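J.: just to be clear, the model below is a prediction. Sequence and coordinates:
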Amino acid sequence: MSETATASPWGAKLRLQAMIGTGMVMFVFITMHLANLTLGLVSLQTMEDWRPTLSGVWSNFAVLKYLLQGSLVVHFLLALYSLYHRNTLKVPPYDMAQMVAGVLIIPLLGMHVFGVMAIRGLGLEPTYMVVLGQFWIVSPLNGLQQIVMLVVAWIHGAIGVYTWLQSRDGSARLMKFFYPFVVALPILAMLGYVEAGRQIIPIDEGGMGMVLENDPNELGPTVDPEMIPVIIEQAKQRPILATQISLGLVALVLAARWLRLYMRDRGRVRVTYAGRRPASFVSDTGLTLLEMVHANNLPHANVCRGRGRCGTCRVRVLRGGENLSPPDDIEAKVLARWNAEPNERLACQIKPHEGDLEVERVIQADYSDLDYSKTQKATSPVKATS
């Protein structure tokens, strides 16, 4: 195999770190919101008492507010960049679910964000009394949209964190806590949301008619009455504009991606898999080996789903390795962590050129021989599920 390259692709490591960092910020944000909703199982008052600490902290502190807003924008732009560089959209179902969820987050989140901004614009505090009153009494359809938004955002974030955890040594220990957490929290949050809604609905409509102690909005809006319809109209139009912009950007990226693939130089490569589950296929060049495998419906271990983090897609290059580009710093680091043999490469990183390539899976597609104790940072042997 050729000597390891000394330079990584421009910005690749920075983009990876930014994607993980901004994703974690948003996952913490949604986690704290869901935790706040679970307190509705106790009472509406308890949920409101904890609002400044759990959900309100993101708007009450300028640093956190700008951190969240910046993370949302950067994460979305990085997702568009990743979409543009995808050579195939034939991906595993969970990858497609995360991709679709990521596209829908901004349109779904817009109603909530601009709604809270409108409440503050009216001179009101966005208490759960006001917000849930809007969702349960004034516009139940908006309330349903918020549930959909929470589910979509949680699915997107949970899949992302799951992928990140699975690509780390000792993930089996973490998963013992992550699995019940990722299932239980949204269920408890929805139950708390329903119970709080039942408490806030007036008695004559079948609810409990509860009110908050020391309600900061007792006197109503403090803004000039003539501005109220203007603020409300802005709250209706801004989510529409945000949706048009976000979906428009997605459409432009998809069009640019199609043009890039249409204009690329096309060659043909024959790939042969030796060992267990032998296979052979012919593919267009320009794809990574893992993308070729997915396009031909062949099983292949890839915990991090082609992000170059986990090393589980490693293959031994038996023939044709002299035609492969040397590994960049990111791939070399992962290979070194696994104490990889000189002829081992990551299927998600190599792009076979024209000719013939023969490889063998290092880790079987069902992860039956995945052993993290072989890494430099040894841990107890674990097995992952496909």
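T.: Right, received. Where do you want to start? Residues are numbered from 1 along each chain as shown.
J.: now the helices for the stretch 1-150 of the chain?
T.: Ranges of helices in the stretch 1-150 of the chain, per DSSP state H, counting those that start in this stretch, are 12-38, 44-49, 51-54, 57-60, 62-85, 93-121, 128-133, 140-166.
J.: next, Ser283: secondary structure please.
T.: Here Ser283 is recorded as strand under DSSP: H, G, I helix; E, B strand; the rest coil.
J.: Val269 is in contact with that one, correct?
T.: Yes. Using Cβ atoms under 8 Å, Ser283 is in contact with Val269, at 5.9 Å. For every residue, glycine as well, the C-beta is placed using N, CA and C.
J.: got any residues that touch both of those two?
T.: Any residue near both Ser283 and Val269 by Cβ atoms under 8 Å, 6 or more residues apart in numbering counts here, and that gives Pro352.
J.: the helices of the stretch 1-150 of the chain: which one's closest to Leu346?
T.: helix 12-38 (13.2 Å; Cβ to Cβ).
J.: tilt between that closest one and helix 62-85?
T.: With axes from the mean of the first three to the mean of the last three Cα atoms, to 10 degrees defining the directions, helix 12-38 sits at 120 degrees from helix 62-85.
J.: now do helix 12-38 and helix 140-166, the angle between them.
T.: Using the same axes, to 10 degrees: helix 12-38 against helix 140-166 is 130 degrees.
J.: go through the helices of the stretch 1-150 of the chain and name the closest to Cys313.
T.: Using Cβ to Cβ, the nearest of the helices of the stretch 1-150 of the chain to Cys313 is helix 140-166, at 12.6 Å.
J.: the lengthiest helix in the chain: what's the following helix or strand?
T.: Across the chain, the helix with the greatest residue count (assigned by DSSP state H) is helix 228-263. Moving toward the C-terminus from helix 228-263, the next helix or strand (DSSP states H and E) is strand 268-274.
J.: neighbouring strands for that following strand, and are they parallel or not?
T.: According to DSSP bridges, strand 268-274 forms sheet pairs with strand 279-284 (antiparallel), strand 355-361 (parallel).
J.: what does it rub up against?
T.: 278-285, 289, 292, 298, 318-319, 352-361.
J.: re earlier: how about the strands paired with strand 268-274, which one is nearest Ala184?
T.: Shortest distance between Ala184 and those, using Cβ to Cβ, is found for strand 355-361: 35.8 Å.
J.: please save the CA atoms from that closest one in CSV.
T.: C-alpha atoms of strand 355-361 as CSV (Å, rounded to 0.1, in the frame of the first residue of the first chain):
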residue,chain,number,x,y,z
GLY,A,355,-9.5,-1.6,-13.2
ASP,A,356,-9.9,-4.5,-10.7
LEU,A,357,-10.0,-4.4,-6.9
GLU,A,358,-10.1,-7.5,-4.6
VAL,A,359,-10.8,-7.1,-0.9
GLU,A,360,-11.9,-9.0,2.1
ARG,A,361,-13.9,-7.8,5.1
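J.: what about it, distance to the chain center?
T.: Counting by Cα atoms, centre = their mean, to the nearest Å, strand 355-361 is centred 33 Å from the centre of its parent chain.
J.: show me what counts as buried in it.
T.: Residues Leu357, Glu358, Val359, Glu360, Arg361 are the ones in strand 355-361 that count as buried (16 or more other Cβ atoms under 10 Å).
J.: and the least confident helix or strand in the chain by mean pLDDT, what does it pack against?
T.: Lowest mean confidence among the helices and strands of the chain (mean pLDDT, DSSP states H and E): helix 93-121, at a mean of 82. The contact analysis (3 or more Cβ pairs under 8 Å, 6 or more residues apart in numbering; DSSP states H and E) places helix 93-121 against helix 62-85, helix 128-133, helix 140-166, helix 228-263.
J.: mind putting the ones you listed in a markdown table, mean neighbour count included?
T.: A markdown table is the format used below for the helices and strands packed on helix 93-121 (neighbours: other Cβ atoms under 10 Å):
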| stretch | mean neighbour count |
| --- | --- |
| helix 62-85 | 15 |
| helix 128-133 | 22 |
| helix 140-166 | 18 |
| helix 228-263 | 14 |
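J.: out of those helices, which gets the lowest mean score?
T.: Mean pLDDT per stretch puts helix 140-166 lowest among those, at a mean of 85.
J.: just after that one, pick out the following helix or strand.
T.: helix 171-200.
J.: got the angle for that following helix vs helix 12-38?
T.: On the basis of the same axes, to 10 degrees, helix 171-200 is oriented at 40 degrees to helix 12-38.
J.: and Glu218, which of the three is it?
T.: Under three-state DSSP, Glu218 comes out as coil.
J.: what's the spacing between it and Leu124?
T.: Distance, Glu218 to Leu124, using Cβ to Cβ, to the nearest Å: 10 Å.
J.: who has more neighbours, those two?
T.: Neighbour comparison, Glu218 and Leu124: the larger count goes to Leu124, with 18 against 9 (by other Cβ atoms under 10 Å).
J.: from Val211, how far off is the more buried one?
T.: 15 Å.
J.: can you read off the pLDDT for the residue lying closest to Leu34 once chain neighbours are set aside?
T.: Counting by Cβ to Cβ, 6 or more residues apart in numbering, Ala189 is the residue found nearest to Leu34 once chain neighbours are left out, at 3.9 Å. Ala189 carries a pLDDT value of 95.
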